[in-house]
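> sequence and predicted structure are below.
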Amino acid sequence: MPVSDHYFTAAPASADERRPLSVELAGRRVTVSTADGIFSSDRVDTGTGVLLHEAPPPPASGTFLDLGCGWGPITLSLAMLAPEATVYAVDVNERSLALTRTNADTLGVGDRVVVARPEDVPPDVRFDLVWSNPPIRVGKAVLHEMLRVWLPRLTGDGAAYLVVQKNLGADSLQRWIADEEGPLEGLACDRLESARGFRVLRVFRG
């Protein structure tokens, strides 16, 4: 990946050369497409793996959000585990969106996956479930603004599960979500699990 090519870049500079990747998602061995210029292009990264293993099973139906979808491991897992759900796969990286769309179609769940840039998600859409490995490395200010935008869109009984590396501020993020006023007022945050140096945080309406 070029030095200037980050997974949160809208248009990666590296060549869009797709390659197959064999991974296990939702208890199935599947082959997906991936490419350079996106987050964790060669595997299911450790944090996402912790989230997929530790978060409670999703309900069979509802409107779900994968915030920062990459090539789609969370989106694909949710769509396979919840056969009647609609899953929004959101990312700023156009290559990530294209790969997620391709992978959803390949695995037969493309009709229930909505792939979109953040600004293209209608503002009135509310989410019953959010699973996210948020982009901590974009910086605290950008991360906080992202959470101010998306977490208030939880339905009354909805919950968000965020996986964050302990040494990259998981505990301070938990406190910030719980204490922040404004858009996040009324939301509670607790720690669901800890594994492999990561915390899984649960956000819900208190």
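It's in. Only a predicted model underlies this, so the values are computations on that prediction, with no experimental measurement involved.
> max-length strand in the chain?
Taking DSSP state E as the criterion, the chain has its longest strand at strand 154-165.
> what does that strand rub up against?
With contact meaning CB atoms under 8 Å, 6 or more residues apart in numbering, strand 154-165 is reached by 47-48, 50-51, 54-55, 126-134, 136, 150-151, 170, 173, 187, 192, 197-205. Every C-beta, even on glycine, is put in place using the N, C-alpha and C of the backbone.
> would you mind listing which of those residues are buried?
Neighbour counting over the contacts of strand 154-165 (16 or more other CB atoms under 10 Å) leaves 47-48, 50-51, 54-55, 127-134, 136, 150-151, 170, 173, 187, 192, 198-204 as the buried ones.
> any chance you could map the helices in this protein?
For the chain, the helices defined by DSSP state H cover 46-54, 73-81, 94-106, 140-150, 170-179.
> relative to strand 154-165, how tilted is the first one?
Taking axes from the mean of the first three to the mean of the last three CA atoms, to 10 degrees, one finds helix 46-54 and strand 154-165 inclined to each other by 130 degrees.
> residues in a beta bridge with the residue nearest to L162 when sequence neighbours are not counted, which ones?
Spatially, and ignoring its direct neighbours in sequence, L162 is nearest to L201 (4.6 Å; CB to CB, 6 or more residues apart in numbering). Beta bridges link L201 to L162, R191 when assigned by DSSP bridges.
> would you agree L201 is in contact with S194?
No. Contact criterion CB atoms under 8 Å: L201 and S194 do not qualify, at 10.3 Å.
> now do the end-to-end distance for stretch 35-47.
19 Å (CA to CA, to the nearest Å).
> okay, the most centrally placed residue in the chain and T31: tell me how far apart.
Geometric centre of the chain, nearest residue: S132, 3.1 Å, by CA atoms, centre = their mean. According to CB to CB, to the nearest Å, S132 stands 24 Å off from T31.
> next one: I74
17 Å.
> quick one: which of the two has more around it?
The residue with more neighbours, out of I74 and T31, is I74; 29 against 11, by other CB atoms under 10 Å.
> which parts of stretch 24-35 are buried?
Buried residues in stretch 24-35, counted by 16+ other CB under 10 Å: 25-26, 30, 32-35.
> which ones are touching the residue nearest to the centre of the chain?
With the criterion set at CB under 8 Å, 6+ apart, S132 makes contact with 51, 65-68, 74, 160-163.
> from these, pick the one nearest V92.
Comparing the contacts of S132 against V92 with CB to CB places G68 closest, at 8.4 Å.
> which of the helices of the chain sits closest to V87?
For V87, the closest of the helices of the chain is helix 73-81, at 4.9 Å, according to CB to CB.
> between helix 94-106 and the closest one, find me the angle.
Taking the same axes, to 10 degrees, one finds helix 73-81 and helix 94-106 inclined to each other by 20 degrees.
> return the list of helices and strands in contact with helix 73-81.
Secondary-structure packing of helix 73-81 (3 or more CB pairs under 8 Å, 6 or more residues apart in numbering; DSSP states H and E): strand 19-25, strand 28-34, helix 46-54, strand 61-67, strand 84-90, helix 94-106, strand 127-132.
> try 6 Å this time
strand 19-25, strand 61-67, strand 84-90 (3 or more CB pairs under 6 Å, 6 or more residues apart in numbering; DSSP states H and E).
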